[in-house]
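1. Sequence and predicted structure are below.
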Amino acid sequence: MQTATISRLHEHAGGEVTIRGWLSAKRSSGKIRFLILRDGTGQCQCIVEASHADAFETADRLTLESSCILTGTVRPDDRAPGGCELDVTGIEILHIAEEYPISRKAHGIDFLMNHRHLWLRSPRQTAILRIRHTIIRAARGYFDDAGFTLIDTPILQPGAAEGAATLFPVDYFGEEVYLAQTGQLYLESACMALGNVYCFGPTFRAEKSKTRRHLTEFWMIEPEITFADLPVLRHHAEQMTTRILRDVLEHHRDDLASMGRDTAPLEAITPPFPVLTYTEAVDLLHSEKVRSWLEGDLADKEKQLAACREELAEAVESLGTAKKAWQKEKAEQQIRSLEEHVRELETDIEHRRHHMSDASAFEWGRDFGGDEETILSRQFDKPLFVTGYPREVKAFYMKRNGQDPRVVENMDMLAPEGYGEVIGGSIREDQLDVLLERMKEENMDPEPYQWYLDLRRYGSIPHGGFGLGIERTVSWMCGLKHVRETIPFPRLLGRMTP
RNA sequence: UCCGGCGUAGCUCAAUGGUAGAGCGGGUGGCUGUUAACCACUAGGUUGUAGGUUCGAGCCCUACCGCCGGAGCCA
């Protein structure tokens, strides 16, 4: 007797095997029972006929999410979702589950988040988490293959690398320290020892942001590259992104399809990616091209809204003709989701009206907000690099541009389809006096940074790096509306459990 | 922090200021190929909390709590 995983069940066609897992669904019809077993590798429909009296009786005792061991014969069958079925001859119960709170019907987000530990078992969530794994492996694989050394940077840190207002304080034996918001400063040190390095770990931001793009705890992969200039940084960002796209598309066709992700926009992405300087981006925002695009986009949305309202009217009508209670319920559910869609489109349209005035009125020197990012990235069907932001809106360690001292040598990479910033990076300021001057401008006390400044005292070199936000990347690849589904246990403003 | 919306059965939601309901899920029974199966029966409620208005409040008013959406903030 062989034990098999569901994903490899087809290899045992005709043979007798044992599979172990959880009951994810059960249907019955007279003298036949259909058990859908889930084992983490896949789902399999298992048939129990009354002729196997023991198994048949046991099948009736299984509740949703009960764990069990099934023995039976593997039979390829087109009627089965996975292509294979198991004709069950024996059932061993491991545990009879209590009434499972998550049904196959609709649930609200609050309920699902409160049951995140169980919600993870649903097919959509497992698909997302598998893709997350592939993205992390691809990103790390890219740097591993390119000869980078993995460096683990500390999570407990004495001070701020970015704005101090967004740090989580921790009581460290009576001293206030902070959770890391980047590994960068430490990574720069390691870079001077080992050459090209990268870190991968959690980072923490105490921003009171309640948006679909923010978590208070999220994961970043950050390379730091010796003797680099901006084109080198962009090259690595581009190649890493391409590698991630390739691996996700190669290994997750089914997962992406199961969550309704249209892969065409992902497949269309090939290097090179477009590049704009900040100044060019501001000009683009002011341009006739963007103005007419915004108008066209607004018209599109209004058309969608009209269509959606029409659909809503039809749904209301079908509610009137529904006979069965469940048909009525279904129609009501459809109406609710359409109403939600209408509301979404209405706020979208309102935002776009603001966009039009905001874009033309955008002043050089301001940082781009979500709106500007969205407009810019929507002009391209590939990720967009924006480089050379004004010094004032960027961090102290970014290298000043030699030709134009108003801007720094930085880059953001904005994902297409409105997903916004997924990568931020820069060349680091490598001159001690310039760095000190910059810290003074920011009212920073150089004392706690002496160790960091040492890197500019003992063999300073040009170098730079960037950070890729894992959750935003997962959200983009999966086509999700919110990053809360991209991490197993999201930490959000006002949500800590489970 | 600000603006808006919501809070009713385990879940998703109904209910002109006038007897709290449906579907799903649970339970019981039926059906030999089901795909969110279906059919019948059944149990299940301090309407977020605390006040107020009213003959009467799930519904109106006030405060608070919670969640959602958006803004601000944000490598």
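-> That came in fine, so what should we check first?
2. Flag every buried residue along whichever strand in chain A runs longest.
-> Counting by DSSP state E, the longest strand found in chain A is strand A:16-29. For strand A:16-29, burial by neighbour count (16 or more other Cβ atoms under 10 Å) applies to A:17, A:19-24, A:26. Any C-beta I mention is one placed from the backbone N, CA and C, and that applies to glycine too.
3. same question, stretch A:110-122
-> A:112-113, A:115-116, A:119, A:121-122.
4. before we move on, what about stretch A:337-354?
-> A:338, A:341, A:345, A:348, A:352.
5. same deal with stretch A:85-99?
-> For stretch A:85-99, the neighbour count (16+ other Cβ under 10 Å) marks A:85-86, A:88-89, A:91 as buried.
6. ok, and which of the residues you listed reach RNA strand B?
-> residue A:85 (Cβ under 7 Å from any atom of the strand).
7. Among the buried residues of stretch A:85-99, list the two that are farthest apart in space.
-> A:85 and A:91 (15.1 Å; Cβ to Cβ).
8. quick revisit: which of the buried residues of stretch A:110-122 are close to RNA strand B?
-> residue A:113.
9. The longest strand of chain A and RNA strand B, any residue contact?
-> Yes: using Cβ under 7 Å from any atom of the strand, a contact is recorded between strand A:16-29 and RNA strand B, made by A:25, A:27-29.
10. Off-centre distance for that strand?
-> 32 Å (Cα atoms, centre = their mean, to the nearest Å).
11. can you check stretch A:186-198 too?
-> Per Cα atoms, centre = their mean, the centroid offset for stretch A:186-198 relative to its chain is 27 Å.
12. Kindly report the same for stretch A:171-178.
-> Counting by Cα atoms, centre = their mean, stretch A:171-178 comes out at 32 Å from the chain centroid.
13. before we move on, what about stretch A:361-380?
-> That offset, for stretch A:361-380, works out to 22 Å (Cα atoms, centre = their mean).
14. before we move on, what about stretch A:24-42?
-> Using Cα atoms, centre = their mean, the offset of stretch A:24-42 from its chain centre is 31 Å.
15. just the CA coordinates of it, formatted as CSV?
-> Provided in CSV are the C-alpha atoms of stretch A:24-42 (Å, rounded to 0.1, in the frame of the first residue of the first chain):
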residue,chain,number,x,y,z
SER,A,24,-13.2,20.3,2.2
ALA,A,25,-16.7,19.4,0.9
LYS,A,26,-19.2,16.6,1.0
ARG,A,27,-22.2,15.7,-1.2
SER,A,28,-24.4,12.8,-1.1
SER,A,29,-27.0,11.1,-3.3
GLY,A,30,-28.8,8.0,-2.1
LYS,A,31,-26.3,5.2,-1.9
ILE,A,32,-23.3,7.2,-3.0
ARG,A,33,-21.1,9.8,-1.2
PHE,A,34,-18.8,12.3,-2.7
LEU,A,35,-16.0,13.4,-0.4
ILE,A,36,-13.7,16.2,-1.5
LEU,A,37,-10.4,15.7,0.2
ARG,A,38,-7.7,18.4,0.5
ASP,A,39,-4.1,17.6,1.5
GLY,A,40,-2.3,20.8,0.8
THR,A,41,-1.1,19.6,-2.6
GLY,A,42,-4.5,19.6,-4.2
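16. What is the subsequent helix or strand relative to the longest helix anywhere in chain A?
-> For chain A, the helix with the greatest residue count under DSSP state H is helix A:325-361. Remark: after helix A:325-361, the chain's next helix or strand is helix A:370-378, criterion DSSP states H and E.
17. Report the angle between the worst-scoring helix or strand of chain A on mean pLDDT and helix A:370-378.
-> In chain A, no helix or strand scores lower on mean pLDDT, DSSP states H and E than helix A:325-361, which sits at a mean of 75. In terms of direction (axes from the mean of the first three to the mean of the last three Cα atoms, to 10 degrees), helix A:325-361 departs from helix A:370-378 by 90 degrees.
18. hang on, residue A:42 packs against residue A:7?
-> Yes: under the criterion of Cβ atoms under 8 Å, residue A:42 makes contact with residue A:7 at 4.5 Å.
19. more neighbours, those two?
-> Taking other Cβ atoms under 10 Å, residue A:42 and residue A:7 do not tie; residue A:42 has more neighbours (20 against 14).
20. any idea what sits nearest the more buried one, other than its immediate chain neighbours?
-> Spatial nearest neighbour of residue A:42, chain neighbours left out: residue A:6 (3.8 Å); criterion: Cβ to Cβ, 6 or more residues apart in numbering.
21. Now do the SS call for the residue of the stretch 351-498 of chain A found nearest RNA strand B.
-> In the stretch 351-498 of chain A, the residue that lies nearest RNA strand B is residue A:467 (2.1 Å; Cβ to the nearest atom of the strand). Assigned by DSSP: H, G, I helix; E, B strand; the rest coil, the conformation of residue A:467 is strand.
22. okay, now it: neighbour count?
-> Residue A:467, neighbours per other Cβ under 10 Å, totals 20.
23. and the gap between it and residue A:423?
-> 7 Å (Cβ to Cβ, to the nearest Å).
24. Tell me who's in contact with the residue nearest to residue A:460 when sequence neighbours are not counted.
-> Using Cβ to Cβ, 6+ apart and skipping residues adjacent in sequence, the residue nearest residue A:460 is residue A:430, 4.6 Å away. By Cβ atoms under 8 Å, 6 or more residues apart in numbering, the contact list for residue A:430 reads A:399, A:456, A:460-463.
25. host element of residue A:430?
-> Here residue A:430 is assigned to no helix or strand, by DSSP H and E.
26. One more: the one 10 residues further on?
-> Taking DSSP H and E as the definition, one finds residue A:440 inside helix A:432-441.
27. what's that helix packed up against?
-> Judged by 3 or more Cβ pairs under 8 Å, 6 or more residues apart in numbering; DSSP states H and E, the packing partners of helix A:432-441 are helix A:450-453.
28. Which residues does the helix it packs on contact?
-> A:185, A:188-189, A:432, A:435-436, A:446.
29. which residue sits closest to residue A:432, ignoring its sequence neighbours?
-> residue A:456 (4.0 Å).
30. Now do the same contact list for the one you found.
-> A:430-432, A:435.
31. so which two of the contacts of helix A:450-453 are the farthest from each other?
-> Top of the distance list for the contacts of helix A:450-453 (Cβ to Cβ): A:189 and A:436, 17.9 Å.
32. Can you pull the residues of the stretch 351-498 of chain A lying near RNA strand B?
-> With Cβ under 7 Å from any atom of the strand as the criterion, the stretch 351-498 of chain A meets RNA strand B at residues A:351, A:367, A:369-371, A:395, A:412, A:421, A:424, A:466-467, A:469, A:482, A:492, A:494-495.
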